[in-house]
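Visitor: How does the following fold in three dimensions:
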Amino acid sequence: MLFEDLSLSKSIQKAVFEEGYLNPTPIQEQSIPIVLAGRDLIGCAQTGTGKTAAFAIPIIHQLHRIVGSSKKAKQIRALIVTPTRELAVQIGESFETYAKYTNLTQLTIFGGVSQNPQVDTLKKGIDILVATPGRLLDLQKQGFIDLDHLHTLVLDEADQMLDMGFINDVKKIVKLTPKNRQTLLFSATMPIAIRELAEMFLQDPAKVEVSPVSSTAENVEQRVYFVEKTEKRNLLYHLIKNENLTNILVFSRTKHGADNVVKALRKKDIPAEAIHGDKSQNARQRVLDAFKNKEVGVLVATDIAARGIDIDQLPFVINFDLPNIPETYVHRIGRTGRAGNGGIAISFCGKDEEPYWKDIKKLIKVDVKIITDHPYQWHSGSPEAEAEKPKNSNRSGGAHKSRKSNASKQNKKRWY
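Guide: All right, here's what the predicted structure looks like:
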């Protein structure tokens, strides 16, 4: 299928063509006709599948027809709610790109910055509003936002909004919108809480799941290292230096853990930054820009903060901490191997994380390459690593006693 087969306005087709889009991705091909038909929709799709365009393009098409060349005061007719500033900025940029040959106007609002410029634009009137929950409710309470004329509501990254505690805010926002609105809910994972949310807010929704949440990209090489928990930072430095890794996205389970990894890397003169919820919006954006511009070689992020990272050619993802939800693993490694590029996903598995790894393997049903040739394995040896060891060797990969001795010395010289 081609984009021109989707019955979109010529203005949108022109903008899409200039972006190099010829064939819609699976989620776009399936979702756009549903949205154009006015139905509610639940979309489950991993990062990098093109889901922003899947809702932005049909919304622009609908509003372009409704608003046309009208000179009446503009009113908010489409609202996209997303959990972080980074995601809001990306979505806003997409709407601006796809709508550049229409007379539609859009605004992106978020907290952590002065509200004055945002309020000035709201007063002039807009068609499309992209917002984070807190700033949206704040400006609505002040009387600057009217959602009475809303046509379409989009809840993007719904699973993360729940994880971040935005469920009550989402309920308040929905109550501010007309009952006859069209509602689109997109999520990378579809836990029970999301299904319950959908039942509350959507009416007879169509469901699109273009790629099962258990699937991992075929062009991503997956590796796992069984490593002592206390040696993870040593192993990270070992890989960066010995394999010349750069432009790496490292996942940490906690904000505190992310900061500690960054401190340890900096002590060894490795340029690294952390991105998580405790950072101010401006600080997070500066860090993200520095990473995208390759001024920083290692970005350590929590899962929630990483939702705002959209880089087509990200070569390495490292799971410093394994996620306790298997679907999160799929979402994480989907950050690499995008746009037809290859990528490598590396996971560190401590003894305490072995149950997580078993759950992940059960979900993805892929034989992940076990790397045993490193100096920081579990002292007792992991069950899988032991199975991989050649006979008559003191360490996997045919290592000799002298190497084992050297490794022991290295273990004593921790660099954090």
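
Visitor: so residue 279 makes contact with residue 287?
Guide: Yes - counting by CB atoms under 8 Å, residue 279 does reach residue 287; the two are 7.1 Å apart. (Each C-beta comes from the backbone N, C-alpha and C, glycine too.)

Visitor: Where does residue 57 fall, secondary structure wise?
Guide: Using DSSP states H and E, residue 57 sits within helix 51-67.

Visitor: So which elements touch the helix or strand just after that helix?
Guide: On the C-terminal side of helix 51-67, the closest following helix or strand by DSSP H and E is strand 78-81. Identification of packing neighbours for strand 78-81 by 3 or more CB pairs under 8 Å, 6 or more residues apart in numbering; DSSP states H and E yields helix 51-67, helix 85-98, strand 128-131, helix 133-141, strand 152-155, helix 167-175.

Visitor: Within the sheet, what are the partner strands of strand 78-81, with directions?
Guide: Strand 78-81 has these partner strands in its sheet, going by DSSP bridges: strand 128-131 (parallel), strand 152-155 (parallel).

Visitor: Give me the mean pLDDT for the first one.
Guide: Going back to what we said before, that points to strand 128-131. In this model, strand 128-131 has a mean pLDDT of 97.

Visitor: Need the residues that contact it.
Guide: Residues outside strand 128-131 that contact it (CB atoms under 8 Å, 6 or more residues apart in numbering) are 59-60, 63, 76-82, 88, 91-92, 95, 99, 104-110, 136, 145.

Visitor: Give the buried residues for that strand.
Guide: Using 16 or more other CB atoms under 10 Å as the test for burial, strand 128-131 gives 128, 129, 130, 131.

Visitor: ok, so of these, who is nearest residue 192?
Guide: residue 131 (26.5 Å; CB to CB).

Visitor: Tell me the bridge partners for the closest one.
Guide: residue 81, residue 109.

Visitor: I'd like to know how far it sits from residue 105.
Guide: Going from residue 131 to residue 105 by CB to CB, to the nearest Å gives 15 Å.

Visitor: what's the answer for residue 346, then?
Guide: The spacing between residue 346 and residue 105, counted by CB to CB, is 44 Å.

Visitor: Output the strands paired with strand 78-81 as CSV; include the columns distance to residue 369.
Guide: Shown next, in CSV, are the strands paired with strand 78-81 (distance: least, CB to CB, whole Å):
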stretch, distance to residue 369
strand 128-131, 40
strand 152-155, 38
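
Visitor: And those strands: which comes nearest residue 51?
Guide: Among these, strand 152-155 sits nearest to residue 51 (CB to CB), with 10.2 Å.

Visitor: what about the helix or strand just after the closest one, distance to the chain center?
Guide: Using DSSP H and E, the helix or strand that follows strand 152-155 towards the C-terminus is helix 158-163. Mean-position distance between helix 158-163 and its chain equals 12 Å (CA atoms, centre = their mean, to the nearest Å).

Visitor: now swap in stretch 165-181 and tell me
Guide: Worked out by CA atoms, centre = their mean, stretch 165-181 lies 23 Å from the chain centre.

Visitor: which parts of that stretch are buried?
Guide: 166, 167, 169, 170, 173, 174, 176, 177, 181.

Visitor: Could you do stretch 108-128 as well?
Guide: 108, 109, 110, 111, 115, 118, 121, 122, 126, 127, 128.

Visitor: And the third one, how far from residue 157?
Guide: With distances taken as CB to CB, residue 110 is found 14 Å from residue 157.

Visitor: what do the two both touch?
Guide: With CB under 8 Å, 6+ apart as the test, residue 110 and residue 157 both reach residue 84.

Visitor: Ramachandran coordinates for residue 296?
Guide: phi -120, psi 130 (degrees, to the nearest 10).

Visitor: What of the one 3 residues further on?
Guide: Per-residue torsions, residue 299: phi -120, psi 120 (degrees, to the nearest 10).

Visitor: what is it paired to in the beta sheet?
Guide: Beta-bridge partners, per DSSP bridges, of residue 299: residue 249, residue 273.

Visitor: quick one: contacts for it?
Guide: 248, 249, 250, 272, 273, 274, 275, 287, 288, 291, 309.

Visitor: one more time with 10 Å, if that's ok
Guide: 247-251, 258, 262, 272-275, 287-288, 290-292, 305-306, 309, 311, 314 (CB atoms under 10 Å, 6 or more residues apart in numbering).

Visitor: List buried residues within the residues you listed.
Guide: Here, 16+ other CB under 10 Å leaves 247-251, 258, 262, 272-275, 287-288, 291, 305-306, 309, 311, 314 buried among the contacts of residue 299.

Visitor: And the pLDDT for the closest residue to residue 102 other than its chain neighbours?
Guide: If the residues on either side of it in the chain are set aside, residue 102 comes closest to residue 64, at 4.7 Å by CB to CB, 6 or more residues apart in numbering. On pLDDT, residue 64 comes in at 90.

Visitor: now residue 284: how far from residue 132?
Guide: Relative to residue 132, and taking CB to CB, residue 284 is found at 12 Å.

Visitor: What ranges in the stretch 151-300 of the chain fall below the confidence cut-off?
Guide: Confidence mapping of the stretch 151-300 of the chain against pLDDT under 70 gives the ranges 211-217, 281.

Visitor: ok so, going back, could I get the buried residue list for the helix holding residue 57?
Guide: Buried-residue list, helix 51-67, by 16+ other CB under 10 Å: 51-64, 67.

Visitor: what's across from the nearest residue to residue 336 once chain neighbours are set aside in the sheet?
Guide: Nearest non-adjacent residue to residue 336, counting by CB to CB, 6+ apart: residue 343, 2.9 Å away. Counting by DSSP bridges, residue 343 is bridged to residue 220.

Visitor: Please tell me I have it right and residue 343 contacts residue 317.
Guide: Yes - between residue 343 and residue 317 there is a contact under CB atoms under 10 Å: 6.9 Å.

Visitor: Mutual contacts of these two, please.
Guide: Contacts common to residue 343 and residue 317, judged by CB under 10 Å, 6+ apart, are 220, 222, 333, 334, 335, 336, 337.
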